[in-house]
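Asker: What follows is a predicted protein model with its sequence.
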Amino acid sequence: MKTTNRPDEWKIEQGLAGAELPVLDMTGPQTKALPPQIFGELTKDAAAIKGVGDPDRLFAEERQGWTGFVEWENYPEKKAAAHKILTSQTFPPNPEFQLGPIPASNPVLPGTHWKMWHKAVGGALSRIPDDSWDIVLKEKHADMLHLLQFPYNGEPPKRLVTDKEITPNPLHFVRNHGGIPIIDKEHYSFVMDGLVANPRSFTLDDLMDESKFPRMEKTVTMQCSGTRRIEQILKYPGQGDEVPQAPWAEGAIGTAKYSGISLKKVIKACGGLIEGAKHLEFYGADTYFKDDKTMNYLVSVPWSKVRANEVMLAWEMNGDVLPRIHGYPLRIIVFGYIGARSVKWLYRIKAIKSPTRAPVQSQEYLYFPQQVGKHNLKMTDGIQIQEMPVSSAIMSPWTKQVVIHNGKIRCKGWAYSGGGRWPERVELSADGG
C-alpha cells in the first residue's frame, strides 16, 4: 500500500511537537524511554484453518454485485467457523495501554491487527483492506489526515475544517468500523422486517419513485463522538488497540446536504409497526470484529426518533451520488445523533422491542461516571450515547501559534450541540477566563 508522509504538518496542526519525545517509564529502579510500538507478525496456522474448512467456501460472497460483503447475522455457523479460525491463530498482542509517542506519519496508525484479522479469516475478507485503501485514495482529498488506515478513520486538516459552511465530500470526516464493501446499484436491495405488518424488500429504484415516496432533503451536521480524543490521549493513555484510540483532533465533524426519503414512509409502506415495536435496528454490510468474533455493523434508534421524521435513507450527498466511502448506494442518516448511528451500506432494517444488544451499541459508545475505570467497569452501567453535548473548538489560531495583534485577535472555529439544538453563545478568553 502506498502511503504519504507529512510529519511537520501533522505535528504542527495538532500541537504535537512533543510527540517526538519518548514516553518515560519510571515504574522501575531505572528510567527507561519506551520505543515506538512495533507489532509482530501473524503466525498463520494453515492446518488449523483447513480443519475448520475452506475460507473461500465458508465466507464466499453470496450476493451478486456485492464485493466484500459477508452476511454474518443470519448464519451462526459462519460466525462459529470464523471464531474457530481466529482463536486458532497466533496474533501479536495489543499493548495493555497506548504508550509510546504518537507517530508523525500520515497515515498515523496502520490498523495492523484489523488487517491481520481480515487476512486470517480469508474468503471475501482477504482483499478488503487493500480495496478499501484504494477507495480512500480515490475519493478523499489529498490533504486529509489519515488517522487510521484500516478500518479507515480520517479528518480534514484544521485550515479546511471551517473553510466552507457545507463540507465538500472529499473533506468530510470518515469513521469506518470495517472495510468498504463495493455494491452495484443494479443489484442492490435491502429488507425491512421484524415487527412490521408486511415485511418486504426495496430496491433503490423503488425508493426513488416519487409517486410512492416524497423526496426529502436535509442539511445535517454530523459529529463523531471521538472528536478531540487526542486531548484525552495526551493526558491519559488509553487501551492499546489502535481502532478505539485513533487520535482524532477537531476535524471529526462535517456538514452536508443529504437527499433521500424519510424512514417513516418506508415503514408505512410495510403496513406500519405491529404491537411491541419500539426501536429500529440497522444492519450495515461492513464486517466488524469484537473479541475474536465477527459480525455485521448493527445499531438501533428509538421509534420516537423515526416518528419525528428525523431518520432518513440517503443516496445523495451534496448533490452528488453518495461516495462509496460514505455508504454507497444507501445509508441511514440520523439527525442530531452521533455519527455511529448513521449506518452505511445498509442491507437490513428490523423493527424490534428493545435497543439492540449488538456490541457496538451495548459495549461501545457509552457514558460512564468519572469514578468508573478499567478495573471496576461494567458495560451494563453505561449510558448509550445518542446526542452529543455542547462542544467547540478553535481552528485558528493554532495551538501555540504566535499572533501579532493590536488588541484584537481574529478567531475561527466551530460550536455544536446534539439533537438539533443551537449553542446559545460562544465565549472566548485570551487568559483562561
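Answerer: Right, received. Where do you want to start?

Asker: only C-alpha atoms for contact and neighbour calcs from this point on.
Answerer: Noted.

Asker: Would you quantify the distance from Gln149 to Leu137?
Answerer: To Leu137, Gln149 is 11 Å away according to CA to CA, to the nearest Å.

Asker: I meant to write Tyr283 there.
Answerer: 26 Å.

Asker: Compare neighbour counts for these two and give me the winner.
Answerer: Tyr283 (24 against 13; other CA atoms under 10 Å).

Asker: Hmm, that one is touching Ser342, no?
Answerer: No - counting by CA atoms under 8 Å, Tyr283 does not reach Ser342; the two are 10.4 Å apart.

Asker: Show me the common contact partners of the two, please.
Answerer: Counting by CA atoms under 8 Å, 6 or more residues apart in numbering, Tyr283 and Ser342 have no common neighbour.

Asker: need the helices for the stretch 301-433 of the chain, in chain order.
Answerer: Ranges of helices in the stretch 301-433 of the chain, per DSSP state H, counting those that start in this stretch, are 303-307, 359-362.

Asker: Just say which of these is most tucked in.
Answerer: helix 359-362 (a mean of 19; mean count of other CA atoms under 10 Å).

Asker: Which strands and helices lie in contact with it?
Answerer: strand 293-302 (3 or more CA pairs under 8 Å, 6 or more residues apart in numbering; DSSP states H and E).

Asker: Distance from the chain centre to the strand it packs on, please.
Answerer: Here the centre of strand 293-302 is set off from its chain's centre by 12 Å, with CA atoms, centre = their mean, to the nearest Å.

Asker: Pull the residues that contact that strand.
Answerer: Looking at what lies outside strand 293-302 - CA under 8 Å, 6+ apart - the contacts are 71-73, 79, 82-83, 86, 177, 278-289, 340-341, 343, 355-356, 358-361.

Asker: C-alpha coordinates for it, PDB please?
Answerer: Only the C-alpha atoms of strand 293-302 are listed here, as PDB (Å, rounded to 0.1, in the frame of the first residue of the first chain):
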ATOM      1  CA  LYS A 293     -15.900 -12.700  16.900                       C
ATOM      2  CA  THR A 294     -17.100 -11.500  13.500                       C
ATOM      3  CA  MET A 295     -20.400  -9.700  12.900                       C
ATOM      4  CA  ASN A 296     -22.000  -7.100  10.700                       C
ATOM      5  CA  TYR A 297     -22.300  -3.500  12.000                       C
ATOM      6  CA  LEU A 298     -25.500  -3.100  14.000                       C
ATOM      7  CA  VAL A 299     -27.000  -0.300  15.900                       C
ATOM      8  CA  SER A 300     -30.500   0.900  16.700                       C
ATOM      9  CA  VAL A 301     -32.500   4.100  17.400                       C
ATOM     10  CA  PRO A 302     -35.900   4.500  19.100                       C
END
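
Asker: Pull up the pairing partners for that strand, direction included.
Answerer: If you go by DSSP bridges, strand 293-302 pairs up with strand 279-290 (antiparallel).

Asker: Can you point out the buried residues in the partner strand?
Answerer: 279-289 (16 or more other CA atoms under 10 Å).

Asker: where do the strands sit along the stretch 151-300 of the chain?
Answerer: Here the stretch 151-300 of the chain has its strands, by DSSP state E, counting those that start in this stretch, at 153-155, 174-175, 182-183, 189-194, 200-203, 216-223, 253-262, 279-290, 293-302.

Asker: What strands line up against the second one, and which way round?
Answerer: Pointing back at strand 174-175 there. strand 153-155 (antiparallel).

Asker: what sits against Lys265?
Answerer: Going by CA under 8 Å, 6+ apart, Lys265 touches Phe213.

Asker: Need the per-residue pLDDT for it.
Answerer: Looking at Lys265, its pLDDT reads 98.
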